[in-house]
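[1] here are the coordinates; sequence isn't available:
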């Protein structure tokens, strides 16, 4: 399996983090259980015959554990940004997972530029959804950036 650049491994970590948080939302698994399931069943394994750049496991773990530890605050932050943006109450679970991961990084990973985080999570969203959802993620994370980072 190709190791990929650090940027590609970080992008992969963000995609997998959203999937792990989705698993936590749907199944009630802990962060540890979601990460172990990824490590055991999907890490370094081709998916449907296609090899992917492996996720940076350190970044992946930070995001998933961070979302688990700060989930209540993150849910409130995302909900507040959604309410201001659209009046939408609660997005479906995978979109919620993407927003929680993005909000966590916006809050906790101050060393990563906000435009990069917004672009990365918009790209993660585009892997699963249409343009409307990608625009929503962009708008919510941009709003959080302005409120959290000034």
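    Structure's in. What do you need? Keep in mind it's a predicted model, so treat the numbers as computed, not measured.
[2] Could you use CA atoms for every contact and neighbour count after this?
    OK.
[3] And the lowest-mean-pLDDT helix or strand in the chain, what's buried?
    Considering only helices and strands, the least confidently modelled element of the chain by mean pLDDT, DSSP states H and E is helix 71-85, at a mean of 86. Neighbour-count burial for helix 71-85, counted by 16 or more other Cα atoms under 10 Å, picks out 74, 75, 77, 78, 79, 80, 81, 82.
[4] do the same with stretch 30-38
    30, 31, 34, 35, 38.
[5] for stretch 96-114, same thing?
    Along stretch 96-114, the positions that meet the burial threshold by neighbour count (16+ other Cα under 10 Å) are 96-107, 114.
[6] Identify all contacting residues around it.
    Contact with stretch 96-114 is made by 14, 17-19, 21-22, 25, 63-64, 66-67, 70-71, 74-75, 77-78, 90, 117-118, 121, 124-125, 137, 140-142, 144-145, 148, as judged by Cα atoms under 8 Å, 6 or more residues apart in numbering.
[7] hmm, try it at 7 Å
    Stretch 96-114 has contacts (Cα atoms under 7 Å, 6 or more residues apart in numbering) with 18, 21-22, 63, 66-67, 74-75, 78, 117, 121, 137, 141, 145, 148.
[8] okay, who's weakest in those by pLDDT?
    Least confident entry in the contacts of stretch 96-114, by pLDDT: residue 148, with 89.
[9] residue boundaries of the strands in the chain?
    Here the chain has no strands by DSSP state E.
[10] For the longest helix anywhere in the chain, what is the distance to the chain centroid?
    With residue count as the measure and DSSP state H as the assignment, the chain has helix 6-27 as its longest helix. Per Cα atoms, centre = their mean, to the nearest Å, the displacement of helix 6-27 from the mean C-alpha position of its chain is 6 Å.
[11] which residues sit against it?
    With Cα under 7 Å, 6+ apart as the test, helix 6-27 has contacts from 29-31, 34-35, 53-57, 59-60, 63-64, 93-94, 97-98, 101, 120, 124.
[12] which parts of that helix are buried?
    8-24.
[13] Below-threshold pLDDT in this protein: ranges please.
    Low-confidence segments of the chain, defined by pLDDT under 70, are located at 1-2, 44-51, 84-89.
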